[in-house]
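Chemist: got a sequence here, can you build the structure:
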Amino acid sequence: MKRLYIDLGAALAVGFVLSFPALGQISQQAPRAATIMGTVADVNDDVIPNATVVLKEVEGKAPRTILSTENGMFEFHDVTPGITYQLTISAKDYEDWISTPIILNPDQFRIVTGIQLRIATYRITVDVHYDPVKVAKEQFKAEEKQRVFGIIPNFYVSYESDPAPLTTGMKFKLALKVSTDPVTAAGVLLVASAKQAGNTPDYGQGWGAYGKRVGAVTTDGFSDIMIGGAILPSLLHQDPRYFYQGTGTTGSRFRHAVLNTFVARGDNGKSQPNYSSLGGVLASSSLANLYYPKSNRGVGLVFGNFAIGIAERIGASLAQEFLLGKFTRRGGHLKSSE
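Modeler: Residues are numbered from 1 along each chain as shown. As a prediction, this is how the structure comes out:
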């Protein structure tokens, strides 16, 4: 009997000793996996399907990626506990959403809340290129339609606050348009009639003399406008137009109108001596020696006609600033108030 107790005790001792490795193996088993899940929605709590959900170890293995379901849900199984993870969720037309660090316990079932994606903000860049030629063409088209009372040409006036310079082609086109306008032709006949009545130049009377006066007035005007309004402005890069001020004191507008005959706007936008206008008047006065009667030729008459031409320009500028602008149709309508 004693022997039986001894053998039984020995067996229990051996079994107890052999149990230690097994206990060690149990303690070395991997911790039990956890689960992460959640629902992807926008700021209005509307679910977002097919969003890309990325679960990444902050320091470790490659990320795991899935898509949210039709009801916006996602779920990651077999997530290792005790490791720091982070969720990144993205969807078309939305800004990315990134979670705070997540650490799970064994067998934990973690539902991530507060997932709300915001509409992505877009920066729109508009690249604007200023094309002075294109702007000048648009302004030129409007100026070609400008007429006092809708009848008398008033093409050589700019009412723009920021006028673009005319090209050489525009300067010549404008000069020819004014010269060949039917109203200009009627004006030539009217001026020739007045000169016929005043018997100047000394062509005498009769239809022959009247015809010579018509030719002289036509040549005077054509040479003046072509030289002073197209040729010299193109060569000297000056703008032949009158730039309407329309605002400010009466004194400032008066000075602006008077100085316009002597100060031109360059194609570069800077003020310059108005060689074009002065040169046009002087050239047309000098050319008159070629076709005026001998009694109306000479240096004195040239400078006399030059002075008259300058006075006419100053008067025309004052009329543009204070009178004609009120009755000029611009862009198809009458500007009735200034």
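
Chemist: give the residue spans of the stretch 51-200 of the chain that score low on pLDDT.
Modeler: For the stretch 51-200 of the chain, the stretches with pLDDT under 70 are 123-128, 130.

Chemist: which parts of it are helices?
Modeler: 132-143, 168-179, 182-198 (DSSP state H, counting those that start in this stretch).

Chemist: the last one: which residues count as buried?
Modeler: Right, helix 182-198. Using 16 or more other CB atoms under 10 Å as the burial criterion, the residues of helix 182-198 that qualify are T184, V188, V191, A192, K195, Q196. Yep, even glycine has a C-beta here, placed from its N, CA and C like the rest.

Chemist: quick one on the thing from earlier: for the helices of the stretch 51-200 of the chain, which one sits closest to Q245?
Modeler: For Q245, the closest of the helices of the stretch 51-200 of the chain is helix 132-143, at 16.6 Å, according to CB to CB.

Chemist: dump the residue contacts of I151.
Modeler: Contact analysis of I151 by CB atoms under 8 Å, 6 or more residues apart in numbering lists V183.

Chemist: look up phi and psi at it.
Modeler: With angles defined as degrees, to the nearest 10, I151 sits at phi -120, psi -60.

Chemist: if I look at it, how far off is T184?
Modeler: Distance, I151 to T184, by CB to CB, to the nearest Å: 12 Å.

Chemist: would you check how far apart I119 and V112 are?
Modeler: 21 Å.

Chemist: so which bits of stretch 302-309 are buried?
Modeler: V302, N305, F306, G309.

Chemist: now, which of those residues sits nearest F172?
Modeler: Nearest member of the buried residues of stretch 302-309 to F172, counting by CB to CB, is G309, at 21.1 Å.

Chemist: so the closest one is in which element?
Modeler: Assigned by DSSP states H and E, G309 belongs to helix 299-322.

Chemist: strands of the stretch 51-200 of the chain, start to end?
Modeler: According to DSSP state E, counting those that start in this stretch, the stretch 51-200 of the chain carries its strands in the segments 52-57, 64-67, 73-79, 84-90, 97-98, 102-103, 109-112, 116-117, 147-148, 152-153, 157-158.

Chemist: angle of the third one against strand 52-57?
Modeler: Spelled out, it's strand 73-79. 20 degrees (axes from the mean of the first three to the mean of the last three CA atoms, to 10 degrees).

Chemist: got the buried residues for strand 73-79?
Modeler: So for strand 73-79, counting by 16+ other CB under 10 Å, buried means F74, F76, V79.

Chemist: got phi/psi on the closest residue to S276 other than its chain neighbours?
Modeler: What sits nearest to S276 in space, not counting adjacent residues and going by CB to CB, 6 or more residues apart in numbering, is L232, at 4.0 Å. The phi/psi pair for L232 (degrees, to the nearest 10) reads phi -70, psi -40.

Chemist: what's the distance between L232 and A264?
Modeler: Taken as CB to CB, the span from L232 to A264 is 10 Å.

Chemist: now do T121
Modeler: Taking CB to CB, one finds T121 at 51 Å from A264.

Chemist: now swap in V112 and tell me
Modeler: Applying CB to CB, the value for V112 to A264 is 75 Å.

Chemist: again with D162
Modeler: For D162, the distance to A264 - CB to CB - is 17 Å.

Chemist: more neighbours, the two?
Modeler: A264 (26 against 8; other CB atoms under 10 Å).

Chemist: how about the contacts made by that one?
Modeler: P233, Q238, D239, P240, S271, Q272, P273, N274, Y275, S276, S277.

Chemist: cool, and I36?
Modeler: L55, E75, F76, V79, Y85, L87, I102, L104, R110, V112.

Chemist: how about the nearest residue to the second one once chain neighbours are set aside, phi and psi?
Modeler: Which is E75. Distances taken as CB to CB, 6+ apart put M37 closest to E75, at 4.0 Å, once the chain neighbours are dropped. Backbone torsions of M37, given as degrees, to the nearest 10, read phi -150, psi 170.

Chemist: rewinding a little: just send the buried residues of strand 73-79 back as JSON lines, with distance to G215 too.
Modeler: Listed next are these as JSON lines, based on distance: CB to CB, whole Å:
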{"residue": "F74", "distance to G215": "95"}
{"residue": "F76", "distance to G215": "100"}
{"residue": "V79", "distance to G215": "104"}
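
Chemist: report pLDDT for the closest residue to V79 other than its chain neighbours.
Modeler: Distance criterion CB to CB, 6+ apart; nearest residue to V79, sequence neighbours excluded, is A34 at 4.7 Å. As summarised for this prediction, A34 has a pLDDT of 91.
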